[in-house]
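**Student:** show me the folded form of this:
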Amino acid sequence: MKRIKRFLSELFAAEVMNDLDISAIGDAFNDSAVRGVWLNLCFDELRCIHMEVDRRLLSEELMGIEDLCARRRAFQDVLEMVLSARRQVVQGMPHNPPPSSPPLVDLDRVTG
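**Tutor:** The predicted structure follows:
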């Protein structure tokens, strides 16, 4: 039990987060090329994790599969947070209707 407590305390130690420069990360995400590369790297890593989980399940080598599943869930949580942030931004924006233009299809003439 002591080993688990020590492992968890090391995992969530504040010193680990001190190495991250949040402003540099924010500046990097301002570049659309960086966002694209980052997203592709995330998807590649997720694909590798899925394949490794499947391989271990099929070979009945279940050692360490919990770590892979936790890592996969962490990726999913981060990507879901991106969508959540997008929803918040969209909901906070005033709705501007598109400029009036003639409809592509005259719905009064369509019969169904």
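**Student:** which residues sit in contact with the closest residue to Leu62 other than its chain neighbours?
**Tutor:** Spatial nearest neighbour of Leu62, chain neighbours left out: Arg56 (6.2 Å); criterion: CB to CB, 6 or more residues apart in numbering. Where C-beta positions appear, they are placed from N, C-alpha and C, glycine not excepted. By CB atoms under 8 Å, 6 or more residues apart in numbering, the contact list for Arg56 reads Leu62, Met63, Gly64, Ile65, Leu68.
**Student:** highest neighbour count among those?
**Tutor:** Leu68 (15 neighbours; other CB atoms under 10 Å).
**Student:** buried residues in stretch 45-63?
**Tutor:** By neighbour count on 16 or more other CB atoms under 10 Å, the buried set for stretch 45-63 is Ile49.
**Student:** for the record, mean pLDDT for it?
**Tutor:** What stretch 45-63 shows for mean pLDDT is 88.
**Student:** other SSEs contacting the helix or strand hosting Ala74?
**Tutor:** Assigned by DSSP states H and E, Ala74 belongs to helix 65-92. Under the contact criterion of 3 or more CB pairs under 8 Å, 6 or more residues apart in numbering; DSSP states H and E, helix 65-92 touches helix 32-58.
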